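Student: sequence first, predicted coordinates after that:
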Amino acid sequence: MSFLQKQAATVRSIRARFEEPYLVTLFGKIGQQGVKNNQEAYSPEAWRLGSFQHDLRHWVRHWSCFGCPIHDKQIGVVRYGPYAGTMVVGPGYEPTSALGPLCDLFDAEALMYFVDLADEYGFDAVGLGRVIAFAMELYQRGILTRDDLDGIDLRWGDPKGMKEIIEKIVKREGIGDILAEGVKRASEKIGKNASRYAIHIKGQEIIGRDLRSDPEAALGEATANRGADHLQGTTREEQFSAALVDSLCLCFYHAVFRRCYEHVNLYSKILNLITGWRTSPDELMKVGERVWNLERCFNVREGLTRADDTLPYRLFYEEVPSGPTKGSKIDREEFERWLDRYYEERGWDKQTGIPTSEKLRELGLEEVDEEISQIRVKFSKK
């Protein structure tokens, strides 16, 4: 048996048929699963969307990307009820949590239908679930009325209302034209303090997990270059190695997510065997650091500042109301101190979040430094 065959057999032996939905059950039990647009972080109903339920009722077979020996994906089908015949790949944790608990939906068959609908329409399931949950909360609070929603009764956990609002969004009809812009832009257009209920970072909707009891993960998502991103990690090693894995075109899923840095020696060997180069692990990590800084400079050029490395209002100012993490929230002053340390460790200016000239030149990014220097001058005059 080859190395790849042994690896594939090992991975398959330790994974459930539907591995990722178990995270909904896990986070639901420990108080880190967002429910009702993160008004809650705990639900006794979370087990209804867990792996065991999918194993019993939906699993068909494993599936993989072309040529991959791992077969980490699962094909599931709804066999009975109003959604019978629905077939999806997965569902993974992110679509499950966004179109499920965030919308207070714990009907596994309806969930699979909405995941399939998101795929058919070409939606990001996380963004779709988050914007529906956002609209549901605005409806709950009277910020959006039934008239605003063109007669839709957008109650929590109601599949009928969810289907109707999805159709509005995909056709950009009425309120759907606003919601199609995502929670950040939609909240700005709606007004009435709607931004307090828009759960995003840099305009990117956060996945269904509740971060109020996990400040390290919260800092990682706040500082991710593309907005809310739970895959990039928090430490220098995590973030730089994540950028490296993307640059090497490796499967991030099997690069062990945020622990990619533990395998840089292996990446170096593989790269050198393929190319004939003699690139050391340290040099590869420097590539990751260069990419991370270049992405940051792109954001700086487009107008992002330290003020954008932040969290939604709810995570700072509203405590988790119940469950194992009751009372949790992110302390704003402490968060700012973490951000200071984060910038210092990366060689960035603490006041602005802009990479210093010394850091960019150390990384061989002189041309980028010349462009960014003009922005530094603007900040120095304020």
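Tutor: Happy to help now that I have it.

Student: which secondary structure elements does the longest helix belonging to the chain contact?
Tutor: As assigned by DSSP state H, the longest helix anywhere in the chain is helix 281-301. Packing partners of helix 281-301 (3 or more Cβ pairs under 8 Å, 6 or more residues apart in numbering; DSSP states H and E): helix 236-247, helix 264-275, helix 357-362, helix 366-380. Bear in mind the C-beta positions are built from the backbone N, C-alpha and C, glycine included.

Student: next one: the second one to chain centre, how far?
Tutor: The chain centroid and the centroid of helix 264-275 are separated by 29 Å under Cα atoms, centre = their mean, to the nearest Å.

Student: still on that earlier bit, in the longest helix of the chain, what counts as buried?
Tutor: 281, 284-294, 296-297, 299-300 (16 or more other Cβ atoms under 10 Å).

Student: circling back: out of the helices and strands packed on helix 281-301, which one sits most buried?
Tutor: Most buried of those, by mean neighbour count (mean count of other Cβ atoms under 10 Å): helix 236-247, with a mean of 22.

Student: now the angle from that helix to helix 281-301?
Tutor: Here helix 236-247 runs at an angle of 90 degrees relative to helix 281-301 (axes from the mean of the first three to the mean of the last three Cα atoms, to 10 degrees).

Student: neighbouring contacts of helix 236-247?
Tutor: Residues from elsewhere that reach helix 236-247 (Cβ atoms under 8 Å, 6 or more residues apart in numbering): 220, 223-224, 231-233, 252, 255, 258-261, 264, 267, 284-285, 287-289, 291-292, 295, 345-346.

Student: name the element the nearest residue to residue 50 once chain neighbours are set aside belongs to?
Tutor: Spatially, and ignoring its direct neighbours in sequence, residue 50 is nearest to residue 25 (3.7 Å; Cβ to Cβ, 6 or more residues apart in numbering). Element membership for residue 25 (DSSP states H and E) is helix 22-30.

Student: roughly how far out does the helix or strand following that helix sit from the chain middle?
Tutor: Note on helix 22-30: by DSSP H and E, the next helix or strand toward the C-terminus is helix 51-57. Chain-centre distance of helix 51-57: 24 Å, with Cα atoms, centre = their mean.

Student: mind listing what's buried in the helix or strand just after helix 51-57?
Tutor: Downstream of helix 51-57, the next assigned helix or strand under DSSP H and E is strand 59-63. Of all the residues in strand 59-63, those buried under the rule 16+ other Cβ under 10 Å are residue 59.

Student: report all helices and strands that strand 59-63 contacts.
Tutor: So strand 59-63, by 3+ Cβ pairs under 8 Å, 6+ apart, packs with strand 73-77.

Student: other SSEs contacting the strand it packs on?
Tutor: strand 59-63, strand 87-89.

Student: at 10 Å instead, please
Tutor: helix 51-57, strand 59-63, strand 87-89, helix 108-121 (3 or more Cβ pairs under 10 Å, 6 or more residues apart in numbering; DSSP states H and E).

Student: residue ranges with poor pLDDT in the stretch 1-150 of the chain?
Tutor: Low-confidence segments of the stretch 1-150 of the chain (pLDDT under 70): 1-19, 52-53.

Student: the same query, at a cut-off of 50, please.
Tutor: Residue ranges of the stretch 1-150 of the chain with pLDDT under 50: 3-4, 7-8, 10-14, 16.

Student: thought residue 326 was touching residue 41?
Tutor: Yes: under the criterion of Cβ atoms under 10 Å, residue 326 makes contact with residue 41 at 8.6 Å.
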